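Undergrad: I'll drop the sequence and a predicted model, then ask my questions.
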Amino acid sequence: MVFVAKKPHLYIPELQQQTTELLNIGLYFGSTISAEQTTSWLALSRAIRQTTRSIRCLWLRFADGDESVLSMLRSFGQELVGCAAVQSLILENKIGMAELLCLKDYLTSNTSMRGIKFLRTSLDTAAFILLHDFFAGNDSLKVLDVFANNGVGDEAIKELLGAILEGKSRLETLNVGESNFGDDVEGVSRVTESGVEAILSFVRRTPSIAHVKIRLRGLTDARIIELARILQSPNCNISRLELCGSFGDEGVEFLAEALKSNRTVKTISIGVSENLSDRGGRHILRACQDIDGTGTWSSVTRSNHTLRSVFISEKHAPRMSAGLISKLQSLTSEDPHRTLQNKAWNFIQRDMCCLPNLNLKTTHMPYFLKFVATNGGRDCLFRILRAGYFPDLFTNPTPEKIRLKHQMNKIEHENKALRTSLEREMRKNQNLRLLERERQNDRVSSQTHRRDREEQERFKHWYEKRDLKHCCLQPFIKAFEVGKMMIELLKEIYRI
């Protein structure tokens, strides 16, 4: 909760702290401001610009004041130029063009602000034209809240949203509303159906939006139908809807039809809607429980599992019964997957005789029986098995084995071919090893023979060159050689 203070010096010590804790600052401008107070205000603005802390919200509340307030505010705004610490800004009560001009330089130079809210101000189309550069140039803006501003009409809304579309901001939250749903009041502008059409066009062109709040009397059945078309778009990311307007059952029926295919919306709040009755409420309930109203498995499982709650105020929807309102408020508290499981289990409990129509195969049975045992326990599991609604579960060979027989035969054939190939490779490798061993032995034998010959040649060479001239056996050796020659000659003679 933001604390709104008239004494700005109370925040200066907090701004000077070195901490990551977010800070909220609320300031009140009004009456008359003295020179001493002006000094305190300017010290605060400098502290805001120089602080290293992040300011979650800077709330500026205005009341009637004299020229001293504008003079101080002008200096206050100039000191804030270049400040990037403020994450969101709220401008409340009696702020007009004069006050906005004092803050213009700060706003147009700011490109990091994530949210801005205009609450019960006197701003009009001219003010949003003045802030055109801020909305077109701030690509960090995520939240836009324009509520109960008496000067905001169709033209102001179109100027505001058009400027945002010119920029690159990815808005996530849009809140546009008026405080008075009664008769027209002089001096109070209204957003008509034309303005609501511009809002919905903006929502369609901004897929980043997740939260839409429209509280306008111009939100009629025709505009609700247009909103329903947006919810059916595949680019829709809206998770929360808050609607107040002059729509009724016709528009809600189209909204319920869109919810049948939408998987993003989680909560819907419907405030002022005097034309809404049980008829529209039942359409929403059917979209979330029994999409076709037939009670079949297909109708139940195709219903919306994402929507958790539709809050409808009994005060503003007097034609709707309290019982139906209570059912819509508590559709589910689970995530979509668990919600679908609950619907499936409720269907099985309610109409077990319809189980054969689900065409469950034997391969589905392990998962189905586990689902039944988890949700209903062992007794429910055996009751379903005894009922005999499904194919035989215990056969020999089992259906699973029959189904896998072809695959097993194929794998066996592949294994056999692989085994044959491996054996052939093993024999080939063995032969290669034997051949290599023989070649190695041949190389060794050849080398041995070569060494022997070389040894013999060396011995012979040594022997021939040996000096035998002085040897005493020389005559005998020569006689031996002559005898050897005579023997060879006689052999040749007798052979002839």
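TA: Received, thanks. Numbering: from 1, shown residues only.

Undergrad: what mean pLDDT does stretch 177-186 get?
TA: In this model, stretch 177-186 has an average pLDDT of 80.

Undergrad: go on, stretch 300-316?
TA: 89.

Undergrad: what residues of it count as buried?
TA: Within stretch 300-316, the residues that qualify as buried by neighbour count (16 or more other CB atoms under 10 Å) are 300, 303, 304, 305, 306, 307, 308, 310, 312. Where you see a C-beta, it was placed from the backbone N, CA and C, and this is true even at glycine.

Undergrad: which of the residues you listed fall within strands?
TA: Secondary structure of these is defined by DSSP state E; positions in strands are 310, 312.

Undergrad: put together CSV for the buried residues of stretch 300-316, with distance to residue 164 on each row.
TA: Putting those into CSV (distance: CB to CB, whole Å) gives the following:
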residue, distance to residue 164
300, 42
303, 36
304, 31
305, 33
306, 28
307, 28
308, 30
310, 29
312, 31
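
Undergrad: so which of the buried residues of stretch 300-316 are in helices?
TA: residue 300 (DSSP state H).

Undergrad: where do the helices sit along the stretch 251-400 of the chain?
TA: Assigned helices in the stretch 251-400 of the chain, in chain order: 278-289, 297-301, 322-329, 336-350, 365-387, 399-464 (criterion: DSSP state H, counting those that start in this stretch).

Undergrad: redo those as JSON lines? Include distance to residue 110.
TA: Compiled in JSON lines, those are given as follows (distance: least, CB to CB, whole Å):
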{"stretch": "helix 278-289", "distance to residue 110": "42"}
{"stretch": "helix 297-301", "distance to residue 110": "50"}
{"stretch": "helix 322-329", "distance to residue 110": "40"}
{"stretch": "helix 336-350", "distance to residue 110": "39"}
{"stretch": "helix 365-387", "distance to residue 110": "54"}
{"stretch": "helix 399-464", "distance to residue 110": "66"}
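
Undergrad: of all the strand elements in this structure, which one is longest?
TA: The strand of greatest length in the chain, counted in residues with DSSP E as the criterion, is given as strand 55-65.

Undergrad: wait, residue 324 sits on residue 283?
TA: No - applying CB atoms under 8 Å, one finds residue 324 not in contact with residue 283, separated by 11.0 Å.

Undergrad: before we move on, the earlier item: of all the helices of the stretch 251-400 of the chain, which one is nearest residue 169?
TA: Evaluated over those, closeness to residue 169 peaks at helix 336-350, with 29.8 Å, by CB to CB.

Undergrad: list just the nearest of the buried residues of stretch 300-316 to residue 170.
TA: The shortest distance between residue 170 and any of the buried residues of stretch 300-316, using CB to CB, involves residue 306 and amounts to 22.2 Å.

Undergrad: next, find the distance separating the closest one from residue 268.
TA: Between residue 306 and residue 268 the distance, using CB to CB, to the nearest Å, works out to 11 Å.

Undergrad: returning to that earlier point: buried stuff in the helix or strand just after the longest strand of the chain?
TA: Proceeding C-terminally, strand 55-65 gives way to helix 67-80 as the next helix or strand, assigned by DSSP states H and E. By neighbour count, with 16+ other CB under 10 Å as the criterion, the buried positions of helix 67-80 are 69, 70, 72, 73, 74, 76, 77, 79, 80.

Undergrad: got a markdown table for these, with pLDDT and distance to residue 130 too?
TA: As requested, these are arranged in a markdown table below (pLDDT from 0 to 100; distance: CB to CB, whole Å):
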| residue | pLDDT | distance to residue 130 |
| --- | --- | --- |
| 69 | 91 | 19 |
| 70 | 92 | 16 |
| 72 | 92 | 20 |
| 73 | 93 | 15 |
| 74 | 93 | 15 |
| 76 | 94 | 18 |
| 77 | 94 | 13 |
| 79 | 94 | 20 |
| 80 | 95 | 17 |
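
Undergrad: out of these, who's nearest residue 331?
TA: Once CB to CB is applied, the member of the buried residues of helix 67-80 that ends up nearest residue 331 is residue 80, at 46.2 Å.

Undergrad: skipping adjacent residues, who's closest to the closest one in space?
TA: Take residue 80 and drop its neighbours on the chain: the residue closest to it by CB to CB, 6 or more residues apart in numbering is residue 106, 4.2 Å away.

Undergrad: tell me the angle the helix or strand where that neighbour lies makes with helix 67-80.
TA: With elements delineated by DSSP H and E, residue 106 resides in helix 97-109, which encompasses its position. What separates the directions of helix 97-109 and helix 67-80 is an angle of 0 degrees, with axes from the mean of the first three to the mean of the last three CA atoms, to 10 degrees.

Undergrad: which strands border the next helix or strand after helix 97-109, and is each parallel or antiparallel?
TA: Past helix 97-109, heading to the C-terminal end, the next element that is a helix or strand (DSSP H and E) is strand 115-119. If you go by DSSP bridges, strand 115-119 pairs up with strand 88-93 (parallel), strand 143-147 (parallel).

Undergrad: and the next helix or strand along the chain from the last one, how far out from the chain's middle?
TA: Sequence order places helix 154-166 as the next helix or strand after strand 143-147, per DSSP H and E. Mean C-alpha position of helix 154-166 versus that of the full chain (CA atoms, centre = their mean, to the nearest Å) differs by 30 Å.

Undergrad: and what of stretch 313-321?
TA: What separates the centre of stretch 313-321 from the centre of its chain is 37 Å, taken as CA atoms, centre = their mean.

Undergrad: can you tell me which residue is spatially central in this protein?
TA: residue 237 (11.3 Å; CA atoms, centre = their mean).

Undergrad: these two touch, right, that one and residue 212?
TA: No - in terms of CB under 8 Å, residue 237 does not count as a neighbour of residue 212; the distance is 10.6 Å.

Undergrad: wait, what's in contact with the nearest residue to residue 281 once chain neighbours are set aside?
TA: The spatially closest residue to residue 281, leaving aside those adjacent along the chain, is residue 324, at 4.7 Å (CB to CB, 6+ apart). The contact partners of residue 324, taken as CB atoms under 8 Å, 6 or more residues apart in numbering, are 278, 281, 282, 285.

Undergrad: can I assume residue 236 sits in a helix?
TA: No - assignment of residue 236 by DSSP: H, G, I helix; E, B strand; the rest coil gives coil, placing it outside any helix.

Undergrad: what's around it, how many residues?
TA: The number of residues packed near residue 236 is 20, by other CB atoms under 10 Å.

Undergrad: what of residue 332?
TA: If we define neighbours as other CB under 10 Å, then residue 332 has 20 of them.

Undergrad: quick check: it vs residue 266, distance?
TA: Between residue 332 and residue 266 the computed distance is 10 Å (CB to CB).

Undergrad: equivalent analysis for residue 310, please.
TA: Counting by CB to CB - residue 310 and residue 266 are separated by 10 Å.

Undergrad: mind pulling the model confidence for residue 53?
TA: Looking at residue 53, its pLDDT reads 92.

Undergrad: how about it, secondary structure?
TA: Secondary structure for residue 53, judged by three-state DSSP, is coil.

Undergrad: just the buried residues of stretch 131-151, please?
TA: By neighbour count on 16+ other CB under 10 Å, the buried set for stretch 131-151 is 131-132, 134-138, 141-147, 149-151.

Undergrad: pull stretch 130-139 out as PDB, backbone CA atoms only.
TA: Extracted C-alpha coordinates of stretch 130-139, given in PDB (Å, rounded to 0.1, in the frame of the first residue of the first chain):
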ATOM      1  CA  LEU A 130       0.800  16.200 -25.400                       C
ATOM      2  CA  LEU A 131       2.000  12.800 -24.200                       C
ATOM      3  CA  HIS A 132       2.100  11.200 -27.700                       C
ATOM      4  CA  ASP A 133       5.900  11.000 -27.700                       C
ATOM      5  CA  PHE A 134       5.900   9.300 -24.300                       C
ATOM      6  CA  PHE A 135       3.500   6.500 -25.400                       C
ATOM      7  CA  ALA A 136       5.100   6.100 -28.900                       C
ATOM      8  CA  GLY A 137       8.700   6.100 -27.600                       C
ATOM      9  CA  ASN A 138       8.400   4.000 -24.400                       C
ATOM     10  CA  ASP A 139       9.000   0.400 -25.500                       C
END
